[in-house]
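*Asks:* Predicted model, plus sequence, below.
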Amino acid sequence: MKLVLLFGPQAVGKMTVGHELEKVTDLKLFHNHMTIDLVTKFFDYGTKEGKRLVNLFRSEIFKEFAKSENYGMIFTYVWAFNYESDWKFVEDVCGIFEAEGADIYFVELETDLDERLKRNITPHRLEHKPTKRNIEWSENDLKTSMDKYRMNSFEGEIKKENYLRIHNKDLSPEEVAKQIKEHFNL
């Protein structure tokens, strides 16, 4: 069993790269909006109820998947490095998979704000993330979240053996997926 934790700021390309990585490996993609968009139909994600349900669904999916005979999972996540709760979430997710003997791979994507703003409105993103279709709100959230969250790690902050950082501004999602697959021999 393998878990590829694919993280970085909003609109950096996590889900799109995840789709491409899914095509060239036996990994299954679980992008973070699969649970967010499900729950948001009933409760805003920012509410206590919304967050609880998103975390509950994710946790149960992780537990069942980690016990399965599947090859592995790609999970996408916006990791706020300045929030202890996000570090704890990552630790908990890894713990679920490690308890079942899984190998964990950390892949961090980064690119500049202008590129992320362009990617924020791509048809692929909007097709798979209904809550991002309000472009004005989504763009504002993307910009203002940078004031509150640090969404890329500092150099040397992630001390994991299986860690790869990719600046993907000038790379296609297919190229990034190939790089991940080859680097970790997936």
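*Replies:* Received, thanks. Treat the numbers as computed from the prediction; the structure is a model and nothing was measured.
*Asks:* got the contact list for stretch 90-98?
*Replies:* 1, 3, 5, 58-59, 62-63, 66, 75, 77, 79, 104 (CB atoms under 8 Å, 6 or more residues apart in numbering). C-beta here means a position set from N, CA and C on the backbone, and glycine is covered the same way.
*Asks:* Give the buried residues for that stretch.
*Replies:* 90, 93-94, 96-97 (16 or more other CB atoms under 10 Å).
*Asks:* tell me how far that stretch is from the chain's mean position?
*Replies:* Here stretch 90-98 shows a centroid-to-chain-centroid distance of 14 Å under the convention CA atoms, centre = their mean, to the nearest Å.
*Asks:* Let's see it as CSV, backbone CA atoms only.
*Replies:* The C-alpha trace of stretch 90-98 is given here as CSV (Å, rounded to 0.1, in the frame of the first residue of the first chain):
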residue,chain,number,x,y,z
VAL,A,90,-1.2,15.0,8.2
GLU,A,91,0.3,13.0,11.1
ASP,A,92,-3.0,11.3,11.7
VAL,A,93,-3.6,10.4,8.0
CYS,A,94,-0.1,9.0,7.7
GLY,A,95,-0.6,7.1,10.9
ILE,A,96,-3.7,5.4,9.5
PHE,A,97,-1.8,4.2,6.5
GLU,A,98,1.4,3.4,8.3
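*Asks:* List the contacts of the residue nearest the centre of the chain.
*Replies:* What sits nearest the mean C-alpha location of the chain, by CA atoms, centre = their mean, is Thr76, with 1.6 Å. Thr76 makes contact with 6-7, 14-15, 18, 29-32, according to CB under 8 Å, 6+ apart.
*Asks:* before we move on, the earlier item: make TSV out of the buried residues of stretch 90-98 and add pLDDT and distance to Leu142.
*Replies:* TSV is the format used below for those (pLDDT from 0 to 100; distance: CB to CB, whole Å):
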residue	pLDDT	distance to Leu142
Val90	97	22
Val93	98	24
Cys94	97	27
Ile96	98	29
Phe97	98	29
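*Asks:* okay if I get those as CSV plus distance to Gly50 and secondary structure?
*Replies:* Output for the buried residues of stretch 90-98, formatted as CSV (distance: CB to CB, whole Å; DSSP: H, G, I helix; E, B strand; the rest coil):
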residue, distance to Gly50, secondary structure
Val90, 20, helix
Val93, 19, helix
Cys94, 24, helix
Ile96, 22, helix
Phe97, 25, helix
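*Asks:* Helix or strand with the lowest mean pLDDT in this structure?
*Replies:* Every helix and strand in the chain was compared by mean pLDDT, DSSP states H and E; the lowest is helix 123-128, with a mean of 75.
*Asks:* on that earlier part again, roughly how far does the residue nearest to the residue nearest to the centre of the chain when sequence neighbours are not counted sit from Met151?
*Replies:* With CB to CB, 6 or more residues apart in numbering as the criterion, Thr76 has its nearest non-adjacent residue at 3.9 Å, and that residue is Lys14. Noted for Lys14: a distance of 11 Å to Met151, by CB to CB, to the nearest Å.
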